[in-house]
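Asks: how would this look folded up:
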Amino acid sequence: MQVAAIQMVSSPRVDDNLARADALVAEAARRGARLAVLPEYFCLMGASDTDKVGVRERPGNGPIQGFLADAARRHGLWLAGGSLPLECPDPGRVLNTTLVFDPQGRQVARYDKMHLFAFQRGQERYAESESIMPGSHPAAFACEGLRVGLSICYDLRFPELYRALSNPAPCDAFLVPAAFTHTTGEKHWEVLLRARAIENLAYVIASAQGGRHENGRRTWGHSMIVDPWGEVVAMQAEGEGVVSADLDPARIAHHRTSLPALEHRLLR
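Replies: As a prediction, the model looks like this:
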């Protein structure tokens, strides 16, 4: 099954971002992708972190969710909507949520980001908990014979989430839509992605924001697909683009047979 990680440089304008996302999903479909993954905050990189509160949607209703369902249906593929802001009990915050739609435009999975990024070094500061409420449950879905686990950006630093996603059965692939900062991405992005692939003998599809945004933020990019042996099989450094590769179940089985590490786990 061919998959595509879509890289964007999103702006503060939702309509513009949806138009760019649609063009990139169309490109993924033209290449033969059966599953396309948009980056975190694909629909909005606001002038401030609180801007996302202003465009939040009720679950099951809103233009961003409508776009995702329609795009999946029009382009005839599975579409993971990076992340979008959904309403939560706190009126001043949102849930940062991945929604997955099947080729008929039906929502088949939802994951609310559990781990919230915090970082401060000099003038660079991030505190997602100020505008985001954390989720509480891992989520995975079945996609054309594969079990696919969901995660978002900062989750990548918490290997226990990926282990939890592999119970009761191992995941064949993990999605990691992200907006990694340039500072942290330069040092940690690739090594963490490859580690999650190696630990779980699974593919990792990482779709990122990648470039200089209108709000002044610079994201690391380097969207990539990593195979179960930890090899980077496709990657784009910066700018908009589509990164694609084939997910081969036989390759997963080969590595899990030759190195049965998942069977050797003592703590489950």
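Asks: tell me the contacts of Met224?
Replies: 5, 190, 193, 204, 206, 232, 234-236, 243 (C-beta atoms under 8 Å, 6 or more residues apart in numbering). No exception for glycine: its C-beta is placed from N, CA and C like everyone else's.
Asks: ok, so of these, who is nearest Asp90?
Replies: Ala206 (29.2 Å; C-beta to C-beta).
Asks: find the nearest non-adjacent residue to that closest one, please.
Replies: Val176 (4.2 Å; C-beta to C-beta, 6 or more residues apart in numbering).
Asks: ok, Trp220 next?
Replies: Trp220 sits nearest to Gly185 (C-beta to C-beta, 6+ apart), 2.5 Å away.
Asks: so what's Tyr126 closest to, chain neighbours aside?
Replies: Closest to Tyr126 by C-beta to C-beta, 6+ apart is Phe119, at 4.8 Å.
Asks: that's a strand at that neighbour, yeah?
Replies: Yes: using DSSP: H, G, I helix; E, B strand; the rest coil, the assignment for Phe119 is a strand.
Asks: residue contacts, it?
Replies: 125-126, 181, 183-184.
Asks: and if you look at Gln120?
Replies: Tyr126.
Asks: ok, now with 10 Å
Replies: 126-127 (C-beta atoms under 10 Å, 6 or more residues apart in numbering).
Asks: begin at 598 from now on, thanks
Replies: Taking 598 as the first residue, the last one we looked at is Gln717.
Asks: look up how far Gly689 lies from it.
Replies: 21 Å (C-beta to C-beta, to the nearest Å).
Asks: again, but for Thr647
Replies: Counting by C-beta to C-beta - Thr647 and Gly689 are separated by 8 Å.
Asks: those two - which one has more neighbours?
Replies: Thr647 (13 against 10; other C-beta atoms under 10 Å).
Asks: close enough to count as contact, the more buried one and Glu725?
Replies: No: with contact defined as C-beta atoms under 10 Å, Thr647 does not reach Glu725; the gap is 11.5 Å.
Asks: can you list residues touching both of those two?
Replies: The contact lists of Thr647 and Glu725 share Arg690, where a contact means C-beta under 10 Å, 6+ apart.
Asks: for Leu789, helix, strand, or coil?
Replies: Going by three-state DSSP: Leu789 is helix.
Asks: residues contacting it?
Replies: 753-756, 773, 777, 781-782, 801, 803.
Asks: 7 Å instead, please
Replies: 753-754 (C-beta atoms under 7 Å, 6 or more residues apart in numbering).
Asks: good, we can wrap up now.
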